[in-house]
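Trainee: fold the following, please.
(one chain, ligands or ions: 2)
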Amino acid sequence: LFSHVELAPRDPILGLNEAYNADTRATKVNLGVGVYYDANGKLPLLKAVREAEATRIQGAPARGYLPIEGIAAYDQAVQNLLFGAESSLISAGRVATFQAIGGTGGLKIGADFLQRLNPQAKVLISDPSWENHRALFENAGFTVETYPYYDAQTRGVNFAGMLQALEQAAAGTIVVLHACCHNPTGADLSAEEWQRIIAVAQARELVPFLDMAYQGFGDGIKEDAIALDLFAASGLNFFISSSFSKSFSLYGERVGALTVVTDGKDETARVVSQVKRVIRTNYSNPPTHGATVVATVLNTPALRSMWENELAEMRERIRAMRAGLVEKLQAAGVTQDFSFVLRQRGMFSYSGLTASQVDRLREEFGIYAVSSGRICVAALNQQNLDYVVQAIASVVRA
Ligand code: PLP
Ligand code: TYF
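Mentor: Ligands and ions are numbered 1, 2, ... in the order given. Okay, the predicted model is just below:
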């Protein structure tokens, strides 16, 4: 049965973790995977999460099956976070949310549903994008192509190229967009640019699929939802996958959602019935723990404000590390201008380091980064920053 099974390639990012774990050097630093570490280099368990978990354990709840679409209070809280509790979209019954197995699960059930609706549609993802986007939509049965996104010259978005590609896309094309904190580049669209993307999506009848994995890591919870506000105001139908992996530091609990915006209540009811069918045939219904904790935090004012403060602390620490990196590289005599790192949003910086410089960082210094030059700024701290700066200075000099 298995004699002809070929060895599959490792995930380029998760594979780095394995290499990092096997490294015995005490000074090693993992700037590969997109995970937030605190000032002591530890994966945090947020205080708001601890309190909600303590309450839950105390109550010793039974573990029956959840509804197929998940916990109602969770799904509602997700909508409120994405669009604001006062959103007219929500009150008009135009929004359906499904608890999902992380943001990845939200993408997957959205992709499977879209495949049933329009099996011939093409999917466009940004160039570059999160590694899993292509594979996930291909596995769902779509042909996946890219639209231009990153401009290495300006270290920003090649907006003209992006717009032109979307203007040429066939009606029904599914366009995967990073709602904020673009992975891997850290380069985001401005509000004005989002408006122009929306106008093209309307004119060309495209199907926008917004991936929101880092809400709160850019400028704030509301600020980072600007693209969603604009899409909501446009009257378009669109998809959102969202995740609490990063914003709640609940990576392993797999807490995410798929949200679909329809034309109205009647459409919503029919869409819900079909997405439930997709979920049922994939994993039946979602798990209880993570979503209960997130819903408790979001729906309990004291825990909510505790979480917002903890999220702000994560966001501000990343900012401080960006500033420290730029300042110290300059102080170390690196003549190349790294100030673009300050303009990038979210956990990542597309550092401009070449694949061979990344190899040297790993081999000579035990510093792990993605071969594209992407580094996770959220893994820097006061203890490892000087070491990382010296190593980068050394590989960019020679
Ligand atoms: N989308 C993007 C852009 C991501 O960076 C990630 C990160 O893991 C995900 C989706 C998946 O999120 P999750 O870990 O919640 O599945
Ligand atoms: O881009 C990252 O590092 C995170 C984590 O297959 C991740 O989004 C990376 C690869 C992957 C799943 C998650």
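
Trainee: mean confidence score for stretch 2-15?
Mentor: On average, the pLDDT along stretch 2-15 is 90.

Trainee: that stretch and ligand 2 in contact?
Mentor: Yes. Counting by CB under 6 Å from any ligand atom, ligand 2 has neighbours in stretch 2-15: 11, 13, 14. Just so you know, the C-beta spots here come from the backbone N, C-alpha and C atoms, and that holds for glycine as well.

Trainee: who touches that stretch?
Mentor: Outside stretch 2-15, the residues that touch it by CB atoms under 8 Å, 6 or more residues apart in numbering are 18, 32, 33, 34, 131, 132, 370, 371.

Trainee: doesn't the first one lie inside a strand?
Mentor: Spelled out, that is residue 18. No. Under DSSP: H, G, I helix; E, B strand; the rest coil, residue 18 sits outside any strand and is assigned helix.

Trainee: what sits closest to it if chain neighbours are left out?
Mentor: residue 10 (7.3 Å; CB to CB, 6 or more residues apart in numbering).

Trainee: and ligand 2, which of the contacts of stretch 2-15 reach it?
Mentor: Among the contacts of stretch 2-15, ligand 2 is touched by 33, 34, 131, 132 when using CB under 6 Å from any ligand atom.

Trainee: can you verify my assumption that the last one contacts residue 105?
Mentor: So the one you mean is residue 132. No. Between residue 132 and residue 105 there is no contact under CB atoms under 8 Å: 11.5 Å.

Trainee: of those two, which one has the most company?
Mentor: Neighbours per residue (other CB atoms under 10 Å) separate residue 132 from residue 105, with residue 105 holding more: 23 against 17.

Trainee: mind checking how far the more buried one is from residue 183?
Mentor: From residue 105 across to residue 183, the span is 17 Å (CB to CB, to the nearest Å).

Trainee: the residue nearest to residue 170 when sequence neighbours are not counted: neighbour count?
Mentor: The shortest distance from residue 170 to any non-neighbouring residue, by CB to CB, 6+ apart, is to residue 122 (6.8 Å). Using other CB under 10 Å, residue 122 has 16 neighbouring residues.

Trainee: give the contact list for residue 122.
Mentor: Counted by CB under 8 Å, 6+ apart, residue 122 has contacts 142, 143, 144, 145, 169, 170, 173, 174.

Trainee: ligand 2 contacts on the stretch 101-250 of the chain?
Mentor: Contact residues, the stretch 101-250 of the chain versus ligand 2 (CB under 6 Å from any ligand atom): 130, 131, 132, 183.

Trainee: a markdown table for those residues, including secondary structure and pLDDT?
Mentor: As requested, those are exported to a markdown table (DSSP: H, G, I helix; E, B strand; the rest coil; pLDDT from 0 to 100):
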| residue | secondary structure | pLDDT |
| --- | --- | --- |
| 130 | coil | 96 |
| 131 | helix | 88 |
| 132 | helix | 94 |
| 183 | coil | 97 |
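
Trainee: top of those residues by number of neighbours, please.
Mentor: Busiest of these [other CB under 10 Å] is residue 183, holding 23 neighbours.

Trainee: distance of residue 171 from ligand 1?
Mentor: 26 Å (CB to the nearest ligand atom, to the nearest Å).

Trainee: which residues touch that residue?
Mentor: 204, 205, 206.

Trainee: returning to that earlier point: which of the contacts of residue 122 are buried?
Mentor: Neighbour-count burial (16 or more other CB atoms under 10 Å) is assigned, among the contacts of residue 122, to 142, 144, 169, 173, 174.

Trainee: most neighbours, which of the residues of stretch 2-15 next to ligand 2?
Mentor: Ranked by the number of neighbours (other CB under 10 Å), the residues of stretch 2-15 next to ligand 2 place residue 13 first, at 20 neighbours.

Trainee: so residue 100: helix, strand or coil?
Mentor: Under three-state DSSP, residue 100 comes out as strand.

Trainee: so where's the stretch 251-398 of the chain shaky on pLDDT?
Mentor: 398 (pLDDT under 70).

Trainee: buried stuff in stretch 187-196?
Mentor: For stretch 187-196, by 16+ other CB under 10 Å, it's 187, 188, 189, 194.

Trainee: which one of those is nearest ligand 1?
Mentor: If you rank the buried residues of stretch 187-196 by distance to ligand 1 using CB to the nearest ligand atom, residue 188 comes first, at 12.2 Å.

Trainee: list the contacts of that closest one.
Mentor: Contacts of residue 188 (CB under 8 Å, 6+ apart): 157, 178, 180, 181, 182, 218, 345.

Trainee: show me the residues you listed that map onto strands.
Mentor: Taking DSSP state E, the ones among these that sit in strands are 157, 178.

Trainee: one step back: farthest pair within the residues of the stretch 101-250 of the chain next to ligand 2?
Mentor: Pairwise distances among these were taken by CB to CB; the largest, 9.8 Å, belongs to 132 and 183.

Trainee: so which residues of the stretch 201-350 of the chain form helices?
Mentor: Remark: helices assigned in the stretch 201-350 of the chain by DSSP state H, counting those that start in this stretch are 226-234, 265-282, 289-299, 301-331, 340-343.

Trainee: return the most buried member of those helices.
Mentor: Comparing those by mean neighbour count (mean count of other CB atoms under 10 Å), helix 289-299 ranks first with a mean of 23.

Trainee: relative to helix 301-331, how tilted is it?
Mentor: Helix 289-299 and helix 301-331 meet at an angle of 100 degrees, taking axes from the mean of the first three to the mean of the last three CA atoms, to 10 degrees as the criterion.

Trainee: interface residues of the stretch 251-398 of the chain facing ligand 1?
Mentor: Counting by CB under 6 Å from any ligand atom, the stretch 251-398 of the chain comes close to ligand 1 at residue 256.
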